[in-house]
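Participant: Give me coordinates for this.
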Amino acid sequence: MAGKRSSEAERELPVAVGKDSMPILMPVKSHFFVKWLHAGHYQAAADIECNSCERFWTLKHIKKHMYSRGGHGKVIANMKTPVGYIAYHARRDERLINVRNLVILPEYRRQKLASLLIDELLKKTEWYDRITMCVRESNYPAHKFLAACRFKAVGVKRDYFQDEFPEGVETEDGYFFERWVKA
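Facilitator: Alright, predicted model coming up:
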């Protein structure tokens, strides 16, 4: 048997009831597991990116992050199929975790899977005092999610995101969020 899974969440779908009060659907349980993001998951993470948003990390970006000093990641999977991931830099000298990317496939959103990935980072509080993340100004769902996870908006980074298109480069401000994990 492989190593012990670090985190598991169960979700039960509601049962539909017909006119005669008989269940139409049986309850279904799905298991999600959080695992380390490793080379075997890089292509799956790139596929998740491609299917999740219009501005995405490519396989090249994911590899560059993971091979950089302090680059780490976790993947969340429904049994064996990855449905989301988080990429972050751990900076022990600054006692900081900086989330670089957090993506969940659209059909798996609003099931608290991103929260499970954030919870994995919160388990590292013996080494780190805070978690930071910068998100696009236009990414309102991420702003709401981070606020629900007790992150505070602490600043704006002007023209932080730069997207290259054949017509030129577009920039967008980044909103800087922070959560202290120790009092």
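Participant: From the rest of the structure, what touches stretch 68-79?
Facilitator: Stretch 68-79 has contacts (C-beta atoms under 8 Å, 6 or more residues apart in numbering) with 30-37, 41, 44-45, 62, 65-66, 82-91, 104, 108, 113, 116-117, 120. Every residue, glycine included, has its C-beta placed from N, CA and C.
Participant: Just the buried residues of those residues.
Facilitator: 32-35, 37, 41, 44-45, 62, 65-66, 82-90, 104, 108, 113, 116-117, 120 (16 or more other C-beta atoms under 10 Å).
Participant: Going by secondary structure, the residue positioned nearest the centre of the chain is in what exactly?
Facilitator: Geometric centre of the chain, nearest residue: Leu102, 2.8 Å, by C-alpha atoms, centre = their mean. Under the criterion DSSP states H and E, the helix or strand holding Leu102 is strand 96-104.
Participant: same for that strand, what does it pack against?
Facilitator: For strand 96-104, the contact count by 3 or more C-beta pairs under 8 Å, 6 or more residues apart in numbering; DSSP states H and E identifies helix 42-50, strand 81-91, helix 113-122, strand 130-136 as packing neighbours.
Participant: give me that answer again for 10 Å
Facilitator: With contacts taken as 3 or more C-beta pairs under 10 Å, 6 or more residues apart in numbering; DSSP states H and E, strand 96-104 sits against helix 42-50, helix 59-67, strand 71-78, strand 81-91, helix 113-122, strand 130-136, helix 140-148, strand 168-180.
Participant: That strand pairs with which strands, parallel or anti?
Facilitator: Its sheet considered, strand 96-104 pairs with strand 81-91 (antiparallel), strand 130-136 (parallel) by DSSP bridges.
Participant: can you give me the angle the last one makes with helix 140-148?
Facilitator: Strand 130-136 and helix 140-148 meet at an angle of 160 degrees, taking axes from the mean of the first three to the mean of the last three C-alpha atoms, to 10 degrees as the criterion.
Participant: From the chain's centroid, how far away is strand 130-136?
Facilitator: 12 Å (C-alpha atoms, centre = their mean, to the nearest Å).
Participant: do the same with the first one
Facilitator: Computed by C-alpha atoms, centre = their mean, the separation of strand 81-91 from the middle of its chain amounts to 6 Å.
Participant: which residues of the chain score low on pLDDT?
Facilitator: Residues of the chain that meet the criterion pLDDT under 70 lie in 1-30, 54-55, 183.
Participant: so can I have a markdown table of the strands paired with strand 96-104 showing distance to Lys182?
Facilitator: Formatted as a markdown table, the strands paired with strand 96-104 follow (distance: least, C-beta to C-beta, whole Å):
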| stretch | distance to Lys182 |
| --- | --- |
| strand 81-91 | 16 |
| strand 130-136 | 8 |
